[in-house]
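Asks: below is the sequence, then the predicted model.
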Amino acid sequence: MSLLRTENVIMQFGGVVAVNDLNIDIKKGELAALIGPNGAGKTTAFNVITGVYTPTSGKVLFTPTDKNGTTTEIDITGKKPDKITTLGVARTFQNIRLFKELSVLENVQVATHLNTDYSFLSAIMRTPKARKGEAQAKADCEFLLERLGLIDLKNEKASSLPYGQQRHLEIARALATKPQLLLLDEPAAGMNPQETDELTDLIFKLKTDFDLTIFMIEHHMDLVMEISDHIYVLDFGCTIAKGTPDEVQNNPKVIEAYLGVDADVED
Amino acid sequence: MNETQNNLGAYLKLHWKTAVFLVVLLIGIGLADIFVDSYMRRLLNLCAIYVIVSLAMNLVNGFTGQFSLGQAGFMAIGAYTVAIFTVPVESRAAIFYLEPMAPFLANIQLPFVVALILGGLASVVVAFFIGSPCLRLRGDYLAIATLGFSEIIRIIFTNTQSITNGALGIKSIPTISSLWWTYGTALLVIIATILLVYSSYGRAFKAIREDEIAAEAMGVGLFKTKMTSFLIGAFFTGIGGGLFAALLGTVDPKQFYFTLTYNFLLIIVLGGMGSISGTIIASFLVTLGQEALRFLDEPMAFGLDLPIFRPGLRMVVFSFLLMIIVLFYRKGLMGTNELTWDFMAQKFQSIKKKLSRKKTSTEGGGK
């Protein structure tokens, strides 16, 4: 069953077509990756899915499972980002966007705000319901921090963490929204091979433990090829290939547009 | 019952310093209420009102990061509501002598507390209409709109002769002289703000201040959350305005010029955007400081007749002092920190360390 589908999504900025006719279909429980050279439109695709941009045309369809286990397909095209997050799509950012002045714990707690079922008045009066909600949220957040190895740093300012841990915190924060689909925008950017390996393990474990479907943008090919079930390759906004890692790796178009050319440029 | 008692006991054990501080504070207010003269009483009352309005402004500007400049306008709404509804019916004819008061209002007289809350609610209603379009936009639109609003309100109040008595203002509002009204309200506002800021809602406010895009991606509804903060701020400001009217006993549109807003802006910048205790400290500093420097406005002769002391010099010196403070404390006195017991202990330790180091270094130099 597909969890997220896009139908012919086009995102235009003036004359620039950043994403051209994107059709993705992510099944529940799989780990899909979106790759492509710099400027291919990967982050724009994420921004369309999460509601930061409204696509010029096309549809984004999300099929969450609610508490009773029933699934309904919802058209989330152009909905506000917070609404989409509430439905169960969480994301991390390519250029880390933590709440810098807040503590590590507070950063994660912010993401539980969407589940508050009491008004600000009961928050001010600290009614039993509000207290219970706060305590529950705090326990959930501490559990997540424990899981991502940040529990000892919970009272530190987010901006004081080293780079790798800031990335982990972003993942913890996204998980605190209780997502069904997690979008990771270059989670391993700027990490050394050892850190990347650790992250690969972590993502895999989180996926099973939290029953997640993951869609990620990544440049580390070994990571992508190792853990993805499906890969979509973008180049200049167009999907030039899709399939399993093996299929994509051997696709001549991909080798030409991405692996070949990009490797030359980078060398 | 037993459990709650235990809870209370544990709570007191944990916060005994705060509890002691609160008791001392209450006794202090009680003593001041009995012993201070009317000049000092007026001043202390004004301090409390400035605490209320500045905290409300800091909630919106400092904690939520929305630049709002409508304080004078919201205060005016609160002040006029209290004025219109508490002036004794029998003296209204004498006050509204140019044009009689509108018949639908002329016979309504409410108790002070009711009028005060009504003033806060009136501010909320107006804030909702300003916020609805402005808070949907990013950037400085709110500042411009609230700035304009506060001027519009003043001009409306100048021209609605039969309701607000126009430029003549409303006199003989029953005054409050006890410190308990203002300090009681201020304490309630402080406690409410603390509880709000350290709740899920407060964290959502701060998240919006830090990064709107990330906050939205984490499920914080921008418009709704900003609106919550803006309306709470407007409510407290309206209450502050109502107390202001009852303190002075008279309102007229000239009291609510835009310069009034500057006072509060000054206080929150000086105290630290996003610090409750900083705002409280700065409210007292600014209000009392402006009074303490009043001698600079009076001509003074040191034997010779030096013409430097003249009306206006006070503000020159005051501005100069502010510049010095802002130079050395760029984020305000407190930044985003709070004056908690831990914070004070830390400061005390670091000062002690510095002093002991200085001592040893001078001793070394002496030898």
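Replies: Okay, I see it.
Asks: name the helices or strands packed onto the strand or helix carrying A:L169?
Replies: Assigned by DSSP states H and E, A:L169 belongs to helix A:163-175. The contact analysis (3 or more C-beta pairs under 8 Å, 6 or more residues apart in numbering or on different chains; DSSP states H and E) places helix A:163-175 against strand A:89-91, helix A:104-110, helix A:128-147, strand A:181-185, helix A:193-209. Where C-beta positions appear, they are placed from N, C-alpha and C, glycine not excepted.
Asks: go again using 10 Å as the cut-off
Replies: With contacts taken as 3 or more C-beta pairs under 10 Å, 6 or more residues apart in numbering or on different chains; DSSP states H and E, helix A:163-175 sits against strand A:89-91, helix A:104-110, helix A:128-147, strand A:181-185, helix A:193-209, helix B:212-217.
Asks: of the ones you listed, which is nearest A:I227?
Replies: A:I227 lies closest to helix A:193-209 among the helices and strands packed on helix A:163-175, at 5.8 Å (C-beta to C-beta).
Asks: so is that closest one next to chain B?
Replies: No. Using C-beta under 10 Å from any C-beta of the partner chain, helix A:193-209 never reaches chain B; the gap is at least 17.3 Å.
Asks: next, the angle strand A:181-185 makes with that helix.
Replies: Interaxial angle, helix A:193-209 versus strand A:181-185 (axes from the mean of the first three to the mean of the last three C-alpha atoms, to 10 degrees): 170 degrees.
Asks: what does helix A:193-209 rub up against?
Replies: A:29-31, A:144, A:147-149, A:163-164, A:167-168, A:171-172, A:175, A:182, A:184, A:187-191, A:212-214, A:216, A:218, A:220, A:222-224, A:226-227 (C-beta atoms under 10 Å, 6 or more residues apart in numbering or on different chains).
Asks: next one: stretch B:27-36
Replies: For stretch B:27-36, the surrounding residues in contact (C-beta under 10 Å, 6+ apart) are B:40-44, B:48, B:177-180, B:182-184, B:186-187.
Asks: do stretch A:146-160 and chain B meet at all?
Replies: Yes. Judged by C-beta under 10 Å from any C-beta, stretch A:146-160 and chain B are in contact via A:158-159.
Asks: for that stretch, which positions count as buried?
Replies: A:147-148, A:150, A:153-154, A:157-158 (16 or more other C-beta atoms under 10 Å in any protein chain shown).
Asks: ends of it, how far apart?
Replies: For stretch A:146-160, the first-to-last residue distance is 18 Å (C-alpha to C-alpha, to the nearest Å).
Asks: quick one: contacts of that stretch?
Replies: A:96, A:98-108, A:138, A:141-145, A:161-162, A:165-173, A:175, A:198, A:202, A:205-206, A:209-210, B:210.
Asks: I'd like to know which of these are buried.
Replies: For those, buried by 16+ other C-beta under 10 Å: A:96, A:98-99, A:101-108, A:138, A:141-142, A:144-145, A:161, A:165-173, A:175, A:202, A:206, B:210.
Asks: state the pair within the buried residues of stretch A:146-160 that is farthest apart.
Replies: A:R147 and A:K157 (21.1 Å).
Asks: the one residue in the stretch 1-150 of chain A that gets nearest to chain B: neighbour count?
Replies: Closest contact between the stretch 1-150 of chain A and chain B, by C-beta to the nearest C-beta, is at A:L114 (3.3 Å). Residues lying near A:L114 (other C-beta atoms under 10 Å in any protein chain shown) number 19.
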